[in-house]
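# One predicted model, sequence on top.
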Amino acid sequence: MKGNYQTFYKDAIQNKQGYVTKDGSWAAVPMMGSKTKLQIIHNGEFIHVARNYDFAVSYIKKQIKNERSKPS
């Protein structure tokens, strides 16, 4: 899918129930059995567990920044 994935998940992002990057390569989805924890997914692989929405978004943004700063 081409486009902005954030428009599709707009309600979840506004309610801090989940997060996805515009290109869809990173996502934070709620964990079963937890009211606050989110699991971080990158390109279909489980990467990390964040304790809440704010930490999840922060983690994803840091990882994207690190990916961009690495020499190819």
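Arrived safely, thanks for sending. Numbers count the residues shown, from 1 in each chain.

# so what's residue 46 bridging to?
residue 41 (DSSP bridges).

# What count of nearby residues applies to it?
Neighbourhood size, residue 46 [other C-beta atoms under 10 Å]: 10. From N, CA and C alone the C-beta is placed, and that goes for glycine too.

# That one touches residue 39, doesn't it?
Yes. Under the criterion of C-beta atoms under 8 Å, residue 46 makes contact with residue 39 at 6.1 Å.

# Low-confidence regions, the chain specifically.
1, 72 (pLDDT under 70).

# what secondary structure does the residue nearest to the spatial centre of it sit in?
Note on the chain: the residue nearest the mean C-alpha position is residue 27, at 2.9 Å, using C-alpha atoms, centre = their mean. Secondary structure for residue 27, judged by DSSP: H, G, I helix; E, B strand; the rest coil, is strand.

# Residue 71 versus that one, what's the distance?
Relative to residue 71, residue 27 is positioned 26 Å away (C-beta to C-beta, to the nearest Å).

# same question, residue 18
Per C-beta to C-beta, residue 18 is found 32 Å from residue 71.

# higher neighbour count, those two?
The residue with more neighbours, out of residue 18 and residue 71, is residue 18; 16 against 3, by other C-beta under 10 Å.
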